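> okay, sequence plus prediction incoming.
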Amino acid sequence: MIKLGSTGVEVTKLQENLMTLGYKVGTSGADGSFGRATNEAVLEFQKDNNLKPDGIVGDITEEEIYKAILNNKAKLSQSLGERATSIYIGGEQLRTIGWKNVNINIITDLNHCLQKYEIITLPRIWHFISQCSYESGLGLYTKEIGSGLAYEYRSNLGNRYAGDGPKYKGAGYIQLTGYDNYVRFAEDIDDPRVMEGADYVSVMYPWMSAGFWWHSNSMNDLCDKGATVEEVTLRVNGGYSGLETRRKYYDLCVSVIN
């Protein structure tokens, strides 16, 4: 049971789910602290779903949140013009590779991503998953740890106004960064809420945003030419940071995804 004053990972996940559904949990986003803003979000959710508005998240409220997220994902599929999404990779495969925080949101977003951006041949999938595995710490990080203040007024990223740096800091498993990139991504998937910034993208589209980067940088073409892990890493990283670990993840992907 989670309520006002609770802290920890369970609170963080609750906050992320509420944000996914469009509720505001405070200016700090999913910070793992059940404060007044999160309490107000829970009360609002409970009222919207005809639950007892007590601000306490027990089994019933958790189940209704889960149902609402599933419904939200169904609406997302429809908005993307996809009546059905093929399952290219399942949760058990990701867990075998070592991924953390695997849930239905992550698996749905992943398979939407693979389908939309045509990451559907084995070499494309192996390279994509292995690079995302390294860049995100096996799914541990869905957005940049830093504040994003370093990106303030960066014209090359399209950050023109105060607050753009933190709002449009890196989000997703291959971090999407900067106002202009967020605009292009929002247009590509036809979801204007992307412009709410990193908190929204990191929860709703950690995979899809990575797929958008992958597609925008012609990574499928590179994979189709028989690229090595070194060649793909250079394109993703601009260097060879973590190359041995990336090789390890690639070999794992080859053995698990086939």
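All right, it came through fine. Residues are numbered from 1 along each chain as shown.
> ramachandran angles for residue 2?
For residue 2, the backbone dihedrals (degrees, to the nearest 10) come out as phi -120, psi 140.
> check contacts around it.
The contact partners of residue 2, by C-beta atoms under 8 Å, 6 or more residues apart in numbering, come to 10, 11, 14, 34, 56, 57. Every residue, glycine included, has its C-beta placed from N, CA and C.
> also residue 146?
Residues in contact with residue 146 (C-beta under 8 Å, 6+ apart) are residue 169.
> residue 249 too?
Residue 249 sits in contact with 97, 98, 129, 130, 131, 133, 134, where contact means C-beta under 8 Å, 6+ apart.
> dump those residues to JSON lines, plus neighbour count and distance to residue 188.
Output for the contacts of residue 249, formatted as JSON lines (neighbours: other C-beta atoms under 10 Å; distance: C-beta to C-beta, whole Å):
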{"residue": "97", "neighbour count": "20", "distance to residue 188": "27"}
{"residue": "98", "neighbour count": "14", "distance to residue 188": "30"}
{"residue": "129", "neighbour count": "27", "distance to residue 188": "21"}
{"residue": "130", "neighbour count": "25", "distance to residue 188": "24"}
{"residue": "131", "neighbour count": "26", "distance to residue 188": "20"}
{"residue": "133", "neighbour count": "23", "distance to residue 188": "24"}
{"residue": "134", "neighbour count": "22", "distance to residue 188": "24"}
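> which two among the residues you listed are spaced furthest apart?
Within these, two members stand farthest from each other by C-beta to C-beta: 98 and 131, at 14.3 Å.
> which secondary structure elements does the strand or helix carrying residue 96 contact?
According to DSSP states H and E, residue 96 maps onto helix 91-97. Packing contacts for helix 91-97, counted by 3 or more C-beta pairs under 8 Å, 6 or more residues apart in numbering; DSSP states H and E, involve helix 104-116, helix 243-256.
> buried sites along that helix?
Neighbour-count burial for helix 91-97 flags 93, 94, 97 (criterion: 16 or more other C-beta atoms under 10 Å).
> cool, and stretch 37-49?
Buried residues in stretch 37-49 (16+ other C-beta under 10 Å): 37, 38, 39, 41, 42, 43, 44, 45, 46.
> isn't the second one right up against residue 19?
Going back to what we said before, that points to residue 38. No: at 10.1 Å, residue 38 does not count as touching residue 19 under the criterion of C-beta atoms under 8 Å.
> between the two, what contacts are shared?
With C-beta under 8 Å, 6+ apart as the test, residue 38 and residue 19 both reach residue 25.
> reformat the contacts of residue 249 as a markdown table; add distance to residue 141, secondary structure and pLDDT.
Listed next are the contacts of residue 249 as a markdown table, based on distance: C-beta to C-beta, whole Å; DSSP: H, G, I helix; E, B strand; the rest coil; pLDDT from 0 to 100:
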| residue | distance to residue 141 | secondary structure | pLDDT |
| --- | --- | --- | --- |
| 97 | 16 | helix | 94 |
| 98 | 14 | coil | 93 |
| 129 | 16 | helix | 97 |
| 130 | 16 | helix | 98 |
| 131 | 14 | helix | 97 |
| 133 | 11 | helix | 97 |
| 134 | 11 | helix | 97 |
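> what pLDDT does residue 45 get?
pLDDT recorded at residue 45 is 87.
> check which helix or strand it maps to.
Residue 45 belongs to helix 36-48 when elements are defined using DSSP H and E.
> please write out the alpha-carbon positions of that helix in PDB.
Taking Å, rounded to 0.1, in the frame of the first residue of the first chain, the C-alpha atoms of helix 36-48 are listed here in PDB:
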ATOM      1  CA  ARG A  36       1.200  16.500  -2.200                       C
ATOM      2  CA  ALA A  37       1.300  16.700  -6.000                       C
ATOM      3  CA  THR A  38       1.400  12.900  -6.300                       C
ATOM      4  CA  ASN A  39      -1.400  12.700  -3.800                       C
ATOM      5  CA  GLU A  40      -3.500  15.100  -5.800                       C
ATOM      6  CA  ALA A  41      -2.800  13.000  -9.000                       C
ATOM      7  CA  VAL A  42      -3.900   9.800  -7.200                       C
ATOM      8  CA  LEU A  43      -7.100  11.500  -6.000                       C
ATOM      9  CA  GLU A  44      -7.800  12.800  -9.500                       C
ATOM     10  CA  PHE A  45      -7.300   9.300 -11.000                       C
ATOM     11  CA  GLN A  46      -9.500   7.700  -8.400                       C
ATOM     12  CA  LYS A  47     -12.300  10.200  -9.000                       C
ATOM     13  CA  ASP A  48     -12.000   9.800 -12.800                       C
END
